[in-house]
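Engineer: pasting the structure only:
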């Protein structure tokens, strides 16, 4: 059994979808959990289930990570519980799907604040504390959209491309400090993302859809194996591979045409 400093895992975006699956996968592996999201009721229900099924400790922290000073607030709350996380799952995010110029400015700003700024600040906080202790794992959740320009998800895809680049750089930078950094890039999943973003996947892409549980296991296995990045799903990996042989402009045009068939 790991000591108290290394067996705690923090999972953001833990109220639904992939966050729930990642928390469940960590609980099955014996890790105590701190669940972080805005909605308390689903996290409390998940916490009760995980305590019952796996005998782990689970704390629920209700926090809007897109808010001002949220990173410092989370750090203070963990310190108040005497918790130093050995694993940090950087999963909280949301997307916007429409033509870029049609995005409401306040929603666009909120998305970028959460998907880029908050995730960067959290990665910086947990990465630094893990480096000081000489151990730890960071899992950053990007997206298949990080691998090509994606019209109708332009800003969201760009934010995820930033996260992919950041994580792969930190994988090398933090390795000498014994801190593992892995980027998980899911494709389509049946989650609340579609409802929140307004995104309707083209029928031709539905064959690539995976369950959040399957994606979570792929991500956790990659993290514990020390991989720099992983794309969930064979077809999604093929899509990303083929993109290396096609210009980014052509990729963008293909994505645009798929949305308008």
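Structural biologist: Yes, it's here. Keep in mind that what you see is a predicted model, and the values were worked out from it rather than measured. Residues are numbered from 1 along each chain as shown.

Engineer: Now do the same contact list for residue 56.
Structural biologist: 27, 30-33, 50 (Cβ atoms under 8 Å, 6 or more residues apart in numbering). Where you see a C-beta, it was placed from the backbone N, CA and C, and this is true even at glycine.

Engineer: Got a ChimeraX select line for the buried ones in those residues?
Structural biologist: Selection of buried members from the contacts of residue 56 for ChimeraX, criterion 16 or more other Cβ atoms under 10 Å:
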select :27,31,32,33,50
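
Engineer: Check which residues of the strand or helix carrying residue 124 are buried.
Structural biologist: Using DSSP states H and E, residue 124 sits in helix 119-133. Residues of helix 119-133 classed as buried: 119-123, 125-127, 129-131 (neighbour count, 16+ other Cβ under 10 Å).

Engineer: so which two of these are the farthest from each other?
Structural biologist: The span of those, defined through Cβ to Cβ, is set by 119 and 131 at 17.8 Å.

Engineer: any idea of the mean pLDDT for stretch 40-57?
Structural biologist: For stretch 40-57, the per-residue pLDDT values average out at 97.

Engineer: For it, buried residues please.
Structural biologist: Those would be 42-43, 46-47, 50, 54, 56-57, for stretch 40-57 by 16+ other Cβ under 10 Å.

Engineer: Could you dump the residues you listed into CSV with distance to residue 217 and secondary structure added?
Structural biologist: Shown next, in CSV, are these (distance: Cβ to Cβ, whole Å; DSSP: H, G, I helix; E, B strand; the rest coil):
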residue, distance to residue 217, secondary structure
42, 21, helix
43, 21, helix
46, 17, helix
47, 21, helix
50, 16, helix
54, 15, helix
56, 17, coil
57, 22, coil
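
Engineer: any chance of these in TSV, with distance to residue 89 too?
Structural biologist: Formatted as TSV, the buried residues of stretch 40-57 follow (distance: Cβ to Cβ, whole Å):
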residue	distance to residue 89
42	17
43	14
46	14
47	15
50	14
54	17
56	15
57	16
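
Engineer: all strands of the chain, in order?
Structural biologist: Applying DSSP state E to the chain gives strands spanning 8-12, 32-37, 58-62, 87-90, 136-141, 179-185, 229-231.

Engineer: Burial check on the spatially closest residue to residue 129 that is not a sequence neighbour, number of neighbours?
Structural biologist: Spatial nearest neighbour of residue 129, chain neighbours left out: residue 84 (6.7 Å); criterion: Cβ to Cβ, 6 or more residues apart in numbering. Applying other Cβ atoms under 10 Å, we find 17 residues neighbouring residue 84.

Engineer: which ones are touching residue 84?
Structural biologist: Here residue 84 is in contact with 5, 8, 78, 129, 133 (Cβ under 8 Å, 6+ apart).

Engineer: pretty sure residue 134 is in contact with residue 176, am I right?
Structural biologist: No. Checked against Cβ atoms under 8 Å, the pair residue 134 and residue 176 is beyond contact range at 10.0 Å.

Engineer: what's the spacing between residue 25 and residue 74?
Structural biologist: 21 Å (Cβ to Cβ, to the nearest Å).

Engineer: re the thing from before, out of the buried residues of stretch 40-57, which is nearest to residue 172?
Structural biologist: When these are compared against residue 172 (criterion: Cβ to Cβ), the nearest one is residue 56, at 32.1 Å.

Engineer: Need the residues that contact stretch 237-255.
Structural biologist: Contacts for stretch 237-255 (Cβ under 8 Å, 6+ apart): 144, 147-152, 185, 187, 208, 231.

Engineer: Run the chain-centre distance for that stretch.
Structural biologist: Chain-centre distance of stretch 237-255: 23 Å, with Cα atoms, centre = their mean, to the nearest Å.

Engineer: One more: stretch 108-123?
Structural biologist: The answer for stretch 108-123 is 12 Å, by Cα atoms, centre = their mean.
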